[in-house]
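A.B. asks: Starting from these lines, generate the structure:
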Amino acid sequence: MNASDMKSEAANITHEFGPFSDIDCVHGVTHDGRCVWVATGDSLVALDPESGKPLRSLDVTANAGTAFDGQYLFQIAGDRIYKVDPSNAEVIATIPAPTDGCNSGMAWAEGSLWVGRYKDRKIHQVDPETGEILRTIESDRFVTGVTWCNGELWHGTWEDNESDLRRIDPQTGQIQERLEMPSGKGISGLESDGNGQFFCGGGDSGMLRVVRRPERG
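C.D. replies: Purely as a prediction, here's the structure:
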């Protein structure tokens, strides 16, 4: 794809939830098929995806990306990734996170974790059992949230007060599509609900925004 072929348009923000009384910052974001989970630093909070109403919380260190594999939550906590039982907040396994502490977003797809590296401008495919880095995808912007949506790899950016959602080729990292966020509305965590919606954490604004994925022809 040539640069001139890349699709670029303004992000269609359909809902804005927050700020919340007890959520100062939204780091990671994931979706378990019913609830949207947001990482707030010292807890994981489940929100109703229709109303944004907080439903319950888990007492887990949660200061970066969050993912869900269909049964368990995965949560970056400093230099570790916790595998968490969402029914009781029990940490049932721990693996090392990619080193140097600039991990950002995280997603689950194809049996792997996909971990964003903020200032490194990279996404690592990580073995969920060992933490081994299986391969690396390069980006040309700071990487925040990461998600897979119907076979498409998307990540958020937030750099120089500008933020967008971008679809990239999972083999080459080449940009295929961009959804530009309005000024002042950055993306931290990111997750798709698999049904055309992206849930975008708003960092220290404490907001959660819903962006509609463009229709496919």
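
A.B. asks: Can you pull out the low-pLDDT segments for the chain?
C.D. replies: Filtered on pLDDT under 70, the chain yields the residue ranges 1-5, 101, 217.

A.B. asks: Repeat the analysis, applying 50 as the threshold.
C.D. replies: 1-2 (pLDDT under 50).

A.B. asks: What is the neighbour count of Arg117?
C.D. replies: By the criterion of other C-beta atoms under 10 Å, Arg117 has 22 neighbours. Backbone N, C-alpha and C define where each C-beta goes, glycine included.

A.B. asks: going forward, begin numbering at 13 instead of 1
C.D. replies: I'll keep to 13 as the first residue from here, and by that count the last item is Arg129.

A.B. asks: you'd agree it is up against Asn115?
C.D. replies: Yes: using C-beta atoms under 8 Å as the test, Arg129 is close enough to Asn115 to be in contact (6.3 Å).

A.B. asks: which residues do these two both contact?
C.D. replies: When C-beta atoms under 8 Å, 6 or more residues apart in numbering defines a contact, no residue borders Arg129 and Asn115 alike.

A.B. asks: give me phi/psi at the residue nearest to Lys65 when sequence neighbours are not counted?
C.D. replies: Closest residue in space to Lys65, ignoring its immediate chain neighbours: Leu59 at 6.6 Å, by C-beta to C-beta, 6 or more residues apart in numbering. Main-chain dihedrals, Leu59, degrees, to the nearest 10: phi -120, psi 150.
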